[in-house]
Structures are given as structure tokens and as C-alpha cells.
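Engineer: Here is the input, now give the coordinates:
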Amino acid sequence: MNRITIRTTWRRNALLLAALTGLGPIALAQSSSYYVGSQKCKDCHSQEYAVWEATKHAKGYADIAGRDKNQAIIKAVGGPTIMRKNTVCQQCHFTTEQADASSPPTVKSAVSCERCHGAASDWINVHNDYGGQDVKCESETPEHREQRIKNAMAKGWRNPREKVDIAFNCMSCHGLTRDSVPGDVIAKMLDAGHPLEADYELVQYSQGTVRHRFYPSAPCAKDNTVNKQMTNPELAQWYIIGQAAKLVSATGALNKTDNAKYKAAQQKRIDDAKAALGRISSSVPEAKAVLDAPSEDNARKLEAAIAKSDLYDKVKDLLPAPSTYK
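Structural biologist: Sure, this is the predicted structure:
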């Protein structure tokens with residue numbers, strides 16, 4: 001078991017304990033990594049931050065908390081009746097922030113940078129260290145940059161170039177499969193009207209308003225960049241990785257609860273993912289391995305196997321039209 005898996009598993013267990021025992025987020029935050037806030041990202045990633053500010057991920061802080069139908073869901077969940085203060089709701093809809101490990105967490109935003117890229121308390125200093133106190137980004141050696149990225153990932157950073165980790169994180173909320181939310185709670189949420197998108201697909205939701213792909217000509221270069229769209233081969237890879245993550249997450253969650261709506265949605269996710277992966281399973285053994293034994297490890301092996309492949313012709317009719325991007 002690697003360090004990332006250990007940290008992820010520990011945090012899931014801690015969140016489950018908090019949800020089951022009624023412990024507030026303060027007790028959880030004091031014994032795990034915590035969110036430092038998107039303002040810490042803004043200085044170096046101003047273009048990405050500007051994109052985020054215009055998304056539903058950011059605007060959800062104000063948009064969802066006051067809806068009438070949410071009151072029934074919150075009451076079904078139990079705990080605080082204010083959505084942003086409810087431990088279960090916080091896990092997908094909000095981000096708590098702390099000044100340090102001992103300070104109380106406060107909800108200051110909805111789905112922020114760290115919700116997608118990992119709570120930054122343990123990795124932000126590593127991420128920002130270019131080789132010493134006086135070394136600037138432009139002077140960082142390629143060797144140090146490579147090691148810095150590995151060290152940050154080991155401390156919990158989700159590297160956007162490690163697509164499968166991003167995909168699993170997306171699926172945990174959009175597929176309603178988070179380990180830290182018990183099945184009986186999910187059943188109550190669904191019965192009270194909480195949505196579950198069985199058709200959630202990664203390309204459609206990642207390449208629309210939330211796309212933030214700003215690549216300078218070289219690391220740390222100051223030249224202007226554009227929010228780059230994916231090429232067809234990139235879209236196909238992203239689609240396949242999303243289907244692998246969907247299959248793994250849905251298979252693991254299928255028996256989470258006996259709620260009929262939940263089981264039907266997860267089964268549909270499984271069936272759709274199997275059909276998509278079946279398109280390449282005869283030519284990509286790693287895709288067949290995911291079909292035969294859905295697991296995070298096999299999904300990562302599939303990502304590595306198709307990194308330099310062009311699978312567009314095999315799945316192009318399954319890709320969502322750009323006009324449907326969210």
C-alpha cells in the first residue's frame with residue numbers, strides 16, 4: 001500500500017467516524033490534512049482561478065444552500081439543518097478552510113481548487129519549493145521539478161496530469177459513491193429528492209465551463225496562454241479513463257444500499273462503462289483487465305497503457321458533442 005492510498009484510506013475512515021458519531025468538522029480537521037483556501041492558489045494560478053470563479057463549482061455556495069427541496073434532504077441526513085454546516089453535505093458541496101491545524105474550520109467556498117486537487121496543508125509548501133528559499137520558479141532544474149511533483153503527490157496532491165485520480169474524485173461525488181457517506185444515509189437522501197446522475201460522463205463535465213488548461217511554452221514561462229481545448233486523441237483517452245473510473249466506483253458501490261433507485265443508477269453506470277471499454281478491450285489488454293476485475297490499480301494500469309494511443313476512431317461516436325458540454 002503506497003503513501004497516497006494510506007492517507008486516502010485514513011481520511012475516509014475519519015470522515016465516516018465523524019458522520020456516524022456526530023463529531024463536527026473540528027474534530028476531523030485536527031487529526032488530518034486540511035484545506036488552506038483557494039486564495040493560496042490564486043497568486044500563481046490566476047487564469048485558472050478566474051475560470052473557477054465563473055463555474056457552478058464556485059457559485060454553488062450561494063445557489064444551492066437556500067433551495068426549498070434541500071431542506072427535506074438535510075432533514076433526512078440528520079445533523080445541522082444549515083446545509084453548509086452539515087458534515088455530510090460539506091463533503092461534496094462545500095470546502096472548509098483553516099488558518100492552521102489547530103484553528104476551527106470555516107466554510108468559505110463551495111467546490112474549490114482543493115476539492116479537486118486535494119487538501120493542500122501537507123503539500124502546498126512542497127508544491128511551491130523550487131529548490132530552496134531563494135530559488136525562483138524560472139531557475140528550477142528539471143530534476144528538481146520532477147522530484148517536487150512526485151513529493152507533492154505523495155503528500156496528497158492530485159496532479160491534473162494523473163487523469164485517473166481526478167476521475168475517481170469526480171465520480172465519488174457525481175456518482176454518489178463516497179465511502180465516507182453510509183448507504184443508509186444515501187438512501188434517505190435519495191428518498192428525499194437528492195439527484196443521482198447515472199449518465200454523468202467525464203468529458204462532458206470537464207471540458208465545458210470548468211476547463212482550465214493553461215500551458216505556457218515552458219514551465220514558469222510568463223508568456224500569455226490560452227485555455228486549450230483537448231485534441232481528439234486526448235478526448236478519447238479522457239473518455240476511456242472516465243469510463244474505467246465509473247466502472248470501478250459503481251461496482252464498488254452497487255451493494256452500498258438496497259435502495260432501488262441507487263442500485264438501478266449504479267447498474268446503469270456499470271453497463272454503460274462496460275459497453276465503452278468493450279470497444280477497446282480486444283486491442284488493449286489493460287481495458288479487458290478492468291472489465292474482468294474493476295479496481296483502482298487496474299484503472300491506473302489502463303491509463304498508463306493508453307497514454308500514447310489514439311483511440312478516437314474507436315469511441316468517437318460515444319463522445320459527447322461540444323454543444324452539450326456543461
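
Engineer: When you work out contacts or count neighbours from here on, use the C-alpha atoms and nothing else.
Structural biologist: Noted.

Engineer: Walk me through the domains of the chain.
Structural biologist: Following automatic domain parsing, one finds the domains of the chain at 1-157, 163-320.

Engineer: could I get the ones you listed as JSON lines with distance to K326, mean pLDDT and mean neighbour count?
Structural biologist: As requested, the domains of the chain are exported to JSON lines (distance: least, Cα to Cα, whole Å; pLDDT from 0 to 100; neighbours: other Cα atoms under 10 Å):
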{"stretch": "domain 1-157", "distance to K326": "10", "mean pLDDT": "83", "mean neighbour count": "17"}
{"stretch": "domain 163-320", "distance to K326": "5", "mean pLDDT": "97", "mean neighbour count": "18"}
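
Engineer: so which helix or strand takes in the spatially most central residue of the chain?
Structural biologist: Nearest to the mean C-alpha position of the chain, counting by Cα atoms, centre = their mean, stands N169 at 2.8 Å. When secondary structure is defined by DSSP states H and E, N169 falls within helix 163-174.

Engineer: ok, then the element right after that helix?
Structural biologist: helix 183-191.

Engineer: okay, that next one in PDB with CA atoms only?
Structural biologist: C-alpha atoms of helix 183-191 as PDB (Å, rounded to 0.1, in the frame of the first residue of the first chain):
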ATOM      1  CA  GLY A 183     -25.500   3.600   2.500                       C
ATOM      2  CA  ASP A 184     -28.500   4.200   4.700                       C
ATOM      3  CA  VAL A 185     -27.800   7.900   4.700                       C
ATOM      4  CA  ILE A 186     -27.600   7.900   0.900                       C
ATOM      5  CA  ALA A 187     -30.900   6.000   0.700                       C
ATOM      6  CA  LYS A 188     -32.600   8.700   2.900                       C
ATOM      7  CA  MET A 189     -31.100  11.400   0.700                       C
ATOM      8  CA  LEU A 190     -32.500   9.800  -2.500                       C
ATOM      9  CA  ASP A 191     -35.900   9.300  -1.000                       C
END
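
Engineer: Now do it: distance to the chain's middle.
Structural biologist: 22 Å (Cα atoms, centre = their mean, to the nearest Å).

Engineer: Quick one: residues in contact with the helix or strand just after that helix.
Structural biologist: As assigned by DSSP H and E, the chain's next helix or strand after helix 183-191 is helix 202-206. Helix 202-206 has contacts (Cα atoms under 8 Å, 6 or more residues apart in numbering) with 167, 235, 238-239, 242-243, 319-320, 322, 324-326.

Engineer: residue ranges for the strands of the stretch 1-150 of the chain, please.
Structural biologist: Taking DSSP state E, counting those that start in this stretch, the strands of the stretch 1-150 of the chain run over residues 95-97, 106-109.

Engineer: check contacts around D134.
Structural biologist: Shown in contact with D134 (Cα under 8 Å, 6+ apart): no residues.

Engineer: Could you check how far it is from Q147?
Structural biologist: D134 sits 18 Å away from Q147, taking Cα to Cα, to the nearest Å as the criterion.

Engineer: Ok, T96 next?
Structural biologist: Using Cα to Cα, T96 is found at 29 Å from Q147.

Engineer: And for E286?
Structural biologist: From E286 across to Q147, the span is 28 Å (Cα to Cα).

Engineer: what do you get for D122?
Structural biologist: Remark: distance between D122 and Q147 (Cα to Cα) = 16 Å.

Engineer: K246 now?
Structural biologist: Distance of K246 to Q147, computed by Cα to Cα: 30 Å.

Engineer: circling back to that earlier point, contacts made by the helix holding N169 with the rest, please.
Structural biologist: Here helix 163-174 makes contact (Cα under 8 Å, 6+ apart) with 92, 116-117, 158-160, 177-178, 196-197, 200, 202, 238, 241-242, 245-246, 249, 299-300, 303.
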